[in-house]
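1. mind folding the following:
(2 chains)
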Amino acid sequence: MNTIAQRYAEAGVGSIFLYTNEAHPGEFYPHHTSMDQKLRHGVALRDVLGVSRSILVDSLDGACHRAYGSMPNMTWIFNQAGTPLYKSDWSDSHSVDNAVQYFLQVLDRRRNRERMVPFRVERLDYRIQDQQQFYAGLERSGPKAVSEFRDAFG
Amino acid sequence: MTDDLLTRYNYDEFVPAKFEPWMRFDQSPPLGSKAPDFPLWALDGGETSLSAVWSANIYTIVEFGSFT
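-> Now for the predicted structure:
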């Protein structure tokens, strides 16, 4: 996702990481109890995980996250008027890349005076399932996060 | 904002009874309609908003997430 942010920045596509609640609280990154702590975790996202996009932090009660469906790692794409054009219940760089390319093509087509109206489409996309990387993330949070995930999903 | 909401949203353990009630993507805002705006904070604590972000770009990608 960092790569996509860089790839399309010059085309006027912005990209942020919105920090929510800890999906798998552990000993090292426990559940949030204060805004100061949440901001510190946000800094660690940048410094430890290497998130190079702008990181913004939701309120402690997750008002934004909850309003948008509370999924742990979803992606939304908005136009400049604040209309969501794309939403996915999980983040996948291939899917986002594909969507951004399409929306940039729409701008080109408008410049070429094509007359278009929006319509809705549903599509089932596919994401990479990397268990090794996922468990490495849990371990970063702490042993508690690992054991709780194993207990929940085996 | 109630303590109960803060505690439930910032659940302290990953067990279905605590995380499943929050997974409500089917109730999220629809595509094509103006989306709700919310205050957000930069890492230095400075306040901004989701609308300030989306209005600054032709398109804006927003990835929601956490450490894990």
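2. low-confidence ranges in chain B?
-> Low-confidence segments of chain B, defined by pLDDT under 70: B:1.
3. in it, which spans are helices?
-> B:3-9, B:16-19, B:50-54 (DSSP state H).
4. point out the most buried one among the ones you listed.
-> helix B:50-54 (a mean of 20; mean count of other C-beta atoms under 10 Å in any protein chain shown). For the C-beta atoms, the positions are set from N, CA and C on the backbone; glycine is no exception.
5. say whether chain A is contacted by it.
-> Yes. Helix B:50-54 reaches chain A (C-beta under 8 Å from any C-beta of the partner chain) through B:50-51, B:53-54.
6. so who does the residue of chain B most remote from its centre touch?
-> Taking C-alpha atoms, centre = their mean, the residue of chain B most remote from its mean C-alpha position is B:I58, at 21.3 Å. Applying C-beta atoms under 8 Å, 6 or more residues apart in numbering or on different chains to B:I58 gives the contacts A:11-13, A:79-80, A:107.
7. mind redoing it with 6 Å?
-> Counting by C-beta atoms under 6 Å, 6 or more residues apart in numbering or on different chains, B:I58 touches A:12, A:80.
8. please report phi then psi for it.
-> The phi and psi values for B:I58, taken as degrees, to the nearest 10, are phi -60, psi -50.
9. okay, it and A:P118: tell me how far apart.
-> Counting by C-beta to C-beta, to the nearest Å, the gap from B:I58 to A:P118 is 16 Å.
10. and what of A:A63?
-> 28 Å.
11. before we move on, what about A:Q105?
-> Distance from A:Q105 to A:P118, by C-beta to C-beta: 14 Å.
12. swap in A:V96?
-> A:V96 is 19 Å from A:P118, by C-beta to C-beta.
13. spatially nearest residue to A:A23 (excluding sequence neighbours)?
-> Leaving out its chain neighbours, the residue that sits closest to A:A23 by C-beta to C-beta, 6 or more residues apart in numbering or on different chains is A:P72, at 4.0 Å.
14. if you could redo that for A:S70, that was the one I meant.
-> Leaving aside its sequence neighbours, A:S70 sits nearest to B:W22 (C-beta to C-beta, 6+ apart; 4.0 Å).
15. what's around that neighbour, how many residues?
-> 19 (other C-beta atoms under 10 Å in any protein chain shown).
16. thought it was touching A:P72?
-> No. The pair B:W22 and A:P72 does not pass the contact test of C-beta atoms under 6 Å, sitting 8.8 Å apart.
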